[in-house]
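Enquirer: got a sequence here, can you build the structure:
(chains A and B)
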2 protein chains.
Amino acid sequence: MLRRLWELTEFPFHPEKLNHYETLFTIGNGYLATRGTFEEGSAGDIATTLVHGIYDHAPGTLVPDLVNIPNWLPIRIWIDGTLFRLVNQNDTTLQPPEGAVLGYRRTLELDHGLMRREVLFRAASGSVVRVVFERFASLKAVHVLAQRVEITAVDGAPEVVVESWIDPDVTNSGTRHWTEVSQNLHDSMVTVQAMTGQSGYRLGMASKLVSPYPVLEQPDGSVPVVSTRFRLEPESSATIDKFTTVYTSRDVAPNEVLTAAQDTLRSAVQRGYDTLLAEHKAEWAAYWDTCDARIDGDDDAQFAIRFVMYHILIAAPRHDDRVSIGAKTLSGFGYKGHVFWDTELFILPPLTLTQPQLARNLLMYRYHNLPGARHKAQANGYDGAMFPWESTDTGEETTPQWSDPQPDGTRIRIWTGDSEQHISTDIAYAVLQYWRWTGDDTFITQYGAEIVLDTAVFWGSRVEHKNGRYEISQQIGPDEYHENIDNAVFTNRMVVWHLQQALNLLDWLQTHAPEAAARLRHELKLTPERLNHWRDIIEKMFIPFDSERQIHVQFPGFFDMEYIPVPHYQPRTSSVQAILGHTRTIQSQVIKQADVVMLMALLGGTLAPREVLLNNWNTYYPRTDHGSSLSPSVHAWVAARLGLDDLAYELFAHAAGIDLDDNKGNVRDGIHGAASGGLYQALVFGLCGLHINEAGELALEPRLPEHWKQVSFTVYYRGEKRRLTVTNPVIGTPAA
Amino acid sequence: MLRRLWELTEFPFHPEKLNHYETLFTIGNGYLATRGTFEEGSAGDIATTLVHGIYDHAPGTLVPDLVNIPNWLPIRIWIDGTLFRLVNQNDTTLQPPEGAVLGYRRTLELDHGLMRREVLFRAASGSVVRVVFERFASLKAVHVLAQRVEITAVDGAPEVVVESWIDPDVTNSGTRHWTEVSQNLHDSMVTVQAMTGQSGYRLGMASKLVSPYPVLEQPDGSVPVVSTRFRLEPESSATIDKFTTVYTSRDVAPNEVLTAAQDTLRSAVQRGYDTLLAEHKAEWAAYWDTCDARIDGDDDAQFAIRFVMYHILIAAPRHDDRVSIGAKTLSGFGYKGHVFWDTELFILPPLTLTQPQLARNLLMYRYHNLPGARHKAQANGYDGAMFPWESTDTGEETTPQWSDPQPDGTRIRIWTGDSEQHISTDIAYAVLQYWRWTGDDTFITQYGAEIVLDTAVFWGSRVEHKNGRYEISQQIGPDEYHENIDNAVFTNRMVVWHLQQALNLLDWLQTHAPEAAARLRHELKLTPERLNHWRDIIEKMFIPFDSERQIHVQFPGFFDMEYIPVPHYQPRTSSVQAILGHTRTIQSQVIKQADVVMLMALLGGTLAPREVLLNNWNTYYPRTDHGSSLSPSVHAWVAARLGLDDLAYELFAHAAGIDLDDNKGNVRDGIHGAASGGLYQALVFGLCGLHINEAGELALEPRLPEHWKQVSFTVYYRGEKRRLTVTNPVIGTPAA
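Expert: Down below sits the predicted model:
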């Protein structure tokens, strides 16, 4: 309990939350991540390890998957011939008699990236053992995975067998990706080689069991197994370690994946568990030095903010700038590991502030994928770079056009890949935000500007000149309940912002990096005509606005649809959309997440005077379903900026519960990465009001919940580490 | 969420915790309490209202029950002909089509003694309603129970029917107590009269539904029902109130119970819900003014301490000094409402400190029951007053001699009523503690001294003079795993303490209240010979002590039994006793709760030098199972006093989870009253080190957990309200 602000705990075992907790207890190191599946397996579990960048498009599927690699976790334990497992079954006529679980506790040490599980187990013989499992994915040596099992004889003197293997029989929810799978066992080292069927990535894995007792080889089964067996004296313990290494042809040459895994494994075994763990912890300590935000006066909020930063950190690539973080991080199969706007507008900003090098890696992923974006623009008849709504390793559009089959067998057309075009501007926004906070002129000159400018080129070719103004048809904004609409205020207004930023950037380059400016003018055909066209668009873009009500209009016709009193739908455990049904919802004013509120978050006071912002809030907030996990955090942020303190906190708490409480019921599919990054932004930009003021200085404008005493956090600003503390002026007023 | 430190919340509905939460959400006012059962009922629920003092011994049962009175909660709602309920069933062929629960949230406002439940419900017709229930048992007008239902048409314009009644068809887990039940319905008032079969207590209840729409009478069914029906316009609401009153022949003359209920009901209806609620809240505010303890730096601990004080307060009789608090308070059938040592040593001390008048009521219960205690002494061949281990309204011993049947049909002999004789000393301890803290000389002179002295008389006749010393055979101490043992150190040592206190008290009376001293000397036969005998016992009592190991010995022979490494049995979800079985446990050194640690809590540094106290701890703590809910809090308290800070906090957290987390799995039977009071004592006496020093002044000797910043609380000392604050000197050290 002293560590409760750094530890996620499951006590006792909650079998009904097996998949939810598999996601929460994910460990990782930015190279790969592994769900909190048990070593011994459990019925209904989803053993998953995802390695950044390893995608494969299997036959008969619509789009590529981020591929589940062979399972490195298996450790099977027998106590006096009784199989150790948490859930016993009655259909075991051929099995030895069953054991009983007498106790269970699992913790995830957020500060150390370590999962620990303790189980008190009684064998059919009557022997009682205490089994403690630990695991971590080394943050220092990212190809190394370490496990430890400590078994103590609590009652009796049991005979113990510990078996270990790598399980290559894995799928992505039933889809097989691995071909040419070969396994070997030599010198007590288990190895696996395999290749993804369509994309041809090579994989090599190697594993060893380290035991104070002899390690036996069982090479002849369907899977090679190593084991160790021993008898424990009463009250004595045995400690067994297992090390596994992973390489792919993204890391080394295709024919070297196995030798790399073997070499690294030998080194890991030699260095040993304690040394590896000490190095790993030291890396984590460095992470938290800048990433921890301390909230004084609210333990739930404190834990939640650490939990989300943990999950962002384990998913953020450290040594690789050609991969990015999928919507569900590396913690589940949801959205198949694809990269959305979630990354740039939600997950990336906390890294821009606290780990700028990692943010840069993520932006470089987009830079490297400009060819795919140009290809998409060209295929759709546009100029420049049009980023895909869903992106994988190729940079091509990988949004499926059709949903998985519904209960009645039909599929629903998915329009986001066609129409959610704001992604290109979202990426430009992230690039410019990174530049503004880091002052990384090298990046903007060499890479970032090309992204911002070529996506501007796309918009210049995309807008439609009609009715004496510029319009954009067939869009989907953040409010995905309303599809293929004309003149979505979010898109139209952000395009104006984008083109203006592009012009400003070009001016800056002209002054500070004229060669880069010349190169980009040439390569991207930034002719004076094109730039003048941009200026014309900025001037004449149609921004739907109701001057009588003094509000932005989400899109023309929005208010003609059925009004639904969303606030009355409380307390609800599903979305209003699910309650009303799809058809009625899309014909109503119910909003998934408010486009106009998102505009207010991104553009702040530059969007409109404060009265209009408040009018906007009062109009759209009561229509908002929060049907997206992205919604509550953004709304918390904006509510805080508008001085709506209680509402801001309520929304912050809502966002904090998305993964921890599984309040959308889908955490089994993976962590909501955007909700995680959004929570940090709600804290720092929203409740603390961190911003860069007109003088170019960091400034705070806090609106802390009344029971919070203090918030402190660390950000990098133009390369300098700044430790900031916000103290609540109302401190000392009893909350009672 | 802003109120999370004052609110217990269930969100969403947890059907698997139905009975656990019924207990947690109990409301009450010291006259009665009602479990958090739903108005509309639910399969498997345990609708229970217990009124202090109404016991009945039904035919065929071993001992009396605290009687479950007719259920005042029933409110049944129909929405467009669909029955409102949370769990729908498939066996309803004769029922209208079923509805769907779209959302649920329940809160218990600890500061206001109010339970609120919000449900979003869709009828089979498609109409969606939001239903909000509130209930409270007035703390100001303790015979008045108030309910409110607000129904809002969220979608559609439903026809609504609300029905209300009192359900007299109640039992105590199947045992019927009510006879001569008569029901009536007149002038839209529902009434019930009944009498307990054996004890003959009369009950009168009356109830009214207050609706803006006509109230209809349905007097002809098996139970008289009133109802109101109306149609709701879209987005409109209706508010219906229900008031119920309860009187028994303990409150008024037997033939007046119904008229009292009717008169009070008419007055309650006239005053209305809002007025009653405002008065109720004002009373609660006065309670919390002295009873709240504020813990700064640990939200879980903060909530837990409020939760336990809430449950003590709703169970503590305010206007009645002939009843006391049962081991499970008034919140469940566990231990049949009987009063144990739990009251005097665990529940009473927090009231002595914060609500001395309520503590006095509880002590007066024992005073009034001295005749029963004298009868027990006499029946067992002793002098003086020998209090029963389990006590009800008569003061007679009501411990069952046999358990309920085990799975194999056999019953186990229960020895506590015979052998757990320390109860008499526990009561004397509470009397003297009350006197020391309050300075209530009137009480000690008129009532308390008689308890202390006549229980001393009992011990004088109880001890056995043999082997040239005094011994006590056949005892059970706090460690109930070891029964009928000779020379339990807890009992022997506390008897020495008791007799010394009795002598001291008599001296004080001689000086300050000579008439009372003379009266007691005469009535209790406190002859010089008797007092000399006490002095001889004090001098020659056998106190088992191992001078080589410098420890107290729980009883001679204890260390000859099997040693079990209790600390290895972690993490366990059941007791070591349950794991090892009864037979092996009682033949081992596994301790339910440590007698010697309890001694250390009660006698502190007067027991032994600090080295011995530490030796005692190091000996007994590793043998302690905490098989009793009383154990963790006492151990937390003592650990803090010994400077074992981390352990103290771990045990404090364990104690805090007993009801909230149901970590013993039996909260369905009621709140663990002793664990509740123990938690407060662990905080105030243990972690804060509150004591009266040798100069007679209040003193603090804090050992706060390192992450706690500050604790503040209020106690009465000799009639003066003292607000105390303990600040942690290590504040500011980051916990990371």
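Enquirer: who's in contact with the strand or helix carrying A:Glu650?
Expert: Using DSSP states H and E, A:Glu650 sits within helix A:645-660. The contact list for helix A:645-660 (C-beta atoms under 8 Å, 6 or more residues apart in numbering or on different chains) reads A:23-24, A:300-301, A:304-305, A:307-308, A:311, A:621, A:626, A:629, A:632-633, A:635-637, A:639-640, A:663-664, A:667, A:671-672, A:675-676, A:678-679, A:682-683, A:686-687, A:703-706, B:1-2. C-beta coordinates here come from the backbone N, C-alpha and C atoms, glycine included.
Enquirer: which of those residues count as buried?
Expert: A:23-24, A:300-301, A:304-305, A:307-308, A:311, A:621, A:626, A:629, A:632-633, A:635-637, A:639-640, A:663-664, A:667, A:671-672, A:675-676, A:678-679, A:682-683, A:686-687, A:703-705, B:1-2 (16 or more other C-beta atoms under 10 Å in any protein chain shown).
Enquirer: which element follows the top helix by length along chain A toward the C-terminus?
Expert: When chain A is parsed with DSSP state H, its longest helix is helix A:489-512. Moving toward the C-terminus from helix A:489-512, the next helix or strand (DSSP H and E) is helix A:514-523.
Enquirer: what helices or strands is that next one leaning on?
Expert: Helices and strands touching helix A:514-523, by 3 or more C-beta pairs under 8 Å, 6 or more residues apart in numbering or on different chains; DSSP states H and E, are helix A:449-462, helix A:489-512.
Enquirer: now do the buried residues in the longest one.
Expert: For helix A:489-512, the buried set under the neighbour-count rule, 16+ other C-beta under 10 Å, comprises A:489-499, A:501-503, A:505-506, A:508-509.
Enquirer: could I have that helix exported to PDB, CA atoms only?
Expert: Extracted as PDB, the C-alpha positions of helix A:489-512 are listed here (Å, rounded to 0.1, in the frame of the first residue of the first chain):
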ATOM      1  CA  VAL A 489     -16.200  23.400 -39.600                       C
ATOM      2  CA  PHE A 490     -13.300  21.400 -38.100                       C
ATOM      3  CA  THR A 491     -11.700  20.600 -41.400                       C
ATOM      4  CA  ASN A 492     -12.400  23.900 -43.100                       C
ATOM      5  CA  ARG A 493     -11.100  25.900 -40.200                       C
ATOM      6  CA  MET A 494      -8.000  23.700 -39.700                       C
ATOM      7  CA  VAL A 495      -7.200  23.900 -43.400                       C
ATOM      8  CA  VAL A 496      -7.100  27.700 -43.200                       C
ATOM      9  CA  TRP A 497      -4.800  27.400 -40.200                       C
ATOM     10  CA  HIS A 498      -2.600  24.800 -42.000                       C
ATOM     11  CA  LEU A 499      -2.200  27.000 -45.100                       C
ATOM     12  CA  GLN A 500      -1.300  30.000 -43.000                       C
ATOM     13  CA  GLN A 501       1.300  28.000 -41.100                       C
ATOM     14  CA  ALA A 502       2.700  26.700 -44.300                       C
ATOM     15  CA  LEU A 503       3.200  30.300 -45.600                       C
ATOM     16  CA  ASN A 504       4.700  31.400 -42.300                       C
ATOM     17  CA  LEU A 505       7.100  28.400 -42.300                       C
ATOM     18  CA  LEU A 506       8.200  29.100 -45.900                       C
ATOM     19  CA  ASP A 507       8.900  32.700 -44.900                       C
ATOM     20  CA  TRP A 508      11.000  31.400 -41.900                       C
ATOM     21  CA  LEU A 509      12.900  29.000 -44.100                       C
ATOM     22  CA  GLN A 510      13.600  31.800 -46.600                       C
ATOM     23  CA  THR A 511      15.300  33.700 -43.900                       C
ATOM     24  CA  HIS A 512      16.900  31.000 -41.800                       C
END
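Enquirer: next, the angle helix A:449-462 makes with that helix.
Expert: 130 degrees (axes from the mean of the first three to the mean of the last three C-alpha atoms, to 10 degrees).
Enquirer: from A:Ala137, how far off is the closest residue in space to A:Thr34 that isn't next to it in sequence?
Expert: Nearest residue to A:Thr34, sequence neighbours excluded (C-beta to C-beta, 6 or more residues apart in numbering or on different chains): A:Thr49, at 4.4 Å. For A:Thr49, the distance to A:Ala137 equals 9 Å [C-beta to C-beta, to the nearest Å].
Enquirer: now for those two: what residues contact both?
Expert: By C-beta under 8 Å, 6+ apart, the residues touching both A:Thr49 and A:Ala137 are A:Leu32, A:Ala33, A:Thr34.
Enquirer: residues in contact with the last one?
Expert: Contacts here follow C-beta under 8 Å, 6+ apart; on that basis A:Thr34 touches A:Thr26, A:Ile27, A:Gly28, A:Thr48, A:Thr49, A:Trp72, A:Leu73, A:Arg135, A:Ala137, A:Leu145.
Enquirer: and stretch A:645-663, C-alpha only, in PDB?
Expert: C-alpha atoms of stretch A:645-663 as PDB (Å, rounded to 0.1, in the frame of the first residue of the first chain):
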ATOM      1  CA  ASP A 645     -13.700  23.600 -13.000                       C
ATOM      2  CA  ASP A 646     -16.000  20.900 -11.700                       C
ATOM      3  CA  LEU A 647     -16.900  19.800 -15.200                       C
ATOM      4  CA  ALA A 648     -13.200  19.700 -16.100                       C
ATOM      5  CA  TYR A 649     -12.500  17.400 -13.200                       C
ATOM      6  CA  GLU A 650     -15.500  15.200 -13.900                       C
ATOM      7  CA  LEU A 651     -14.300  14.800 -17.500                       C
ATOM      8  CA  PHE A 652     -10.700  14.200 -16.400                       C
ATOM      9  CA  ALA A 653     -11.900  11.500 -14.100                       C
ATOM     10  CA  HIS A 654     -13.900  10.000 -16.900                       C
ATOM     11  CA  ALA A 655     -10.800   9.900 -19.100                       C
ATOM     12  CA  ALA A 656      -8.700   8.400 -16.300                       C
ATOM     13  CA  GLY A 657     -11.100   5.500 -16.000                       C
ATOM     14  CA  ILE A 658     -11.200   4.500 -19.700                       C
ATOM     15  CA  ASP A 659      -8.600   1.800 -19.300                       C
ATOM     16  CA  LEU A 660      -8.400   1.300 -15.600                       C
ATOM     17  CA  ASP A 661     -12.100   0.800 -15.100                       C
ATOM     18  CA  ASP A 662     -12.700  -0.400 -18.600                       C
ATOM     19  CA  ASN A 663     -15.600   1.900 -18.800                       C
END
